[in-house]
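K.L.:
mind looking at a prediction? Sequence and model below.
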Amino acid sequence: MSRSWPNILITGTPGTGKTTHAAQLLEALQAAPSTSAAPWQHVNVGDLVKEKGCHSGWNDEWQSWDVDEDKLLDELEIVQHPGAKLLDWHTCDMFPERWIDLVVVLRCDHSQLWTRLEKRAYGLSKIQENNTAEIMEVVLNDARESYAEEIVVELRSESPEQMEENVNRILQWVEAWRADHANDDDDDDDDDGEQS
C-alpha cells in the first residue's frame, strides 16, 4: 500500500536544531492550504524511546538512554505507516529505507555547535564527541550510505533566517511530492473498485 503523504526524517548532530525545525515545519504544514488536510505529526524519537521504554537503561557516562533498536523499530513501524510524519532524531541509519521519503541533514558550524551544547549543560566529553562527529560529517555520511542520493538533502542551520528558508523549502518539496504521487491515489481507488 502506498502512502498518501510522505514521511520526513530530520536528522543531524545534537544541537543542530532538529526539534526546532520539526516544530516549525509542523506549524507550516498544518497552516498551508495544500498540506493542511494531512494528519501531520512530529515524532521526537528520543522522547519516544523514553515514553515507550525502548531502551535497556540509562547510561551515566553519556547521559542518555541505551536504545533498544528492535523495540524502537517495532513502535515506529506502527507510527510511520500512514505517512505525514516528521521523525526527529540524531541518527538515521537504523530506519528502513521504505519508511522515509526525504532525509534532511541539518549542519552547523562546529564553534556555534559547541556553544549550543554548552548551553544544554552537556559534559565536556559529550560536547567533544558531538563536535568531532559534526566536523567529520558522520550523520551526513550515514544518510548518504543508507538512503538513495536523491532523497538526502543537506541544509545549514545556523540562523533563524536559514531555519525559515529550510522550512519553506521542505514545504515546497512536500507539495511537489503530493503532485508527483497524485496518480498513486487514483490507482489505489481503481484497485479498490476492481472485481476479481
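P.N.:
Received it, and whenever you're ready, just let me know what you need.
K.L.:
do you know the pLDDT at Trp62?
P.N.:
Trp62 is assigned 70 on the pLDDT scale.
K.L.:
swap in Phe95?
P.N.:
94.
K.L.:
repeat that for Trp65.
P.N.:
Listed pLDDT for Trp65 reads 86.
K.L.:
I'd like the next helix or strand past the one helix or strand it maps to.
P.N.:
For Trp65, the element it lies in under DSSP states H and E is strand 64-67. Downstream of strand 64-67, the first helix or strand assigned by DSSP H and E is helix 69-80.
K.L.:
gap between that next one and the chain center?
P.N.:
Counting by C-alpha atoms, centre = their mean, to the nearest Å, helix 69-80 is centred 14 Å from the centre of its parent chain.
K.L.:
mind saving the C-alpha coords of it as CSV?
P.N.:
Taking Å, rounded to 0.1, in the frame of the first residue of the first chain, the C-alpha atoms of helix 69-80 are listed here in CSV:
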residue,chain,number,x,y,z
GLU,A,69,16.7,-0.7,18.4
ASP,A,70,14.4,-3.7,17.9
LYS,A,71,11.8,-2.3,20.4
LEU,A,72,12.1,1.2,18.9
LEU,A,73,11.6,-0.1,15.3
ASP,A,74,8.5,-2.1,16.5
GLU,A,75,7.0,1.1,17.9
LEU,A,76,7.9,3.2,14.9
GLU,A,77,6.6,0.6,12.4
ILE,A,78,3.0,1.4,13.5
VAL,A,79,3.6,5.2,13.8
GLN,A,80,5.1,5.8,10.4
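K.L.:
Ala133 against Thr13, yeah?
P.N.:
Yes - Ala133 lies in contact with Thr13 (C-beta atoms under 8 Å); the separation is 5.2 Å. Every C-beta, even on glycine, is put in place using the N, C-alpha and C of the backbone.
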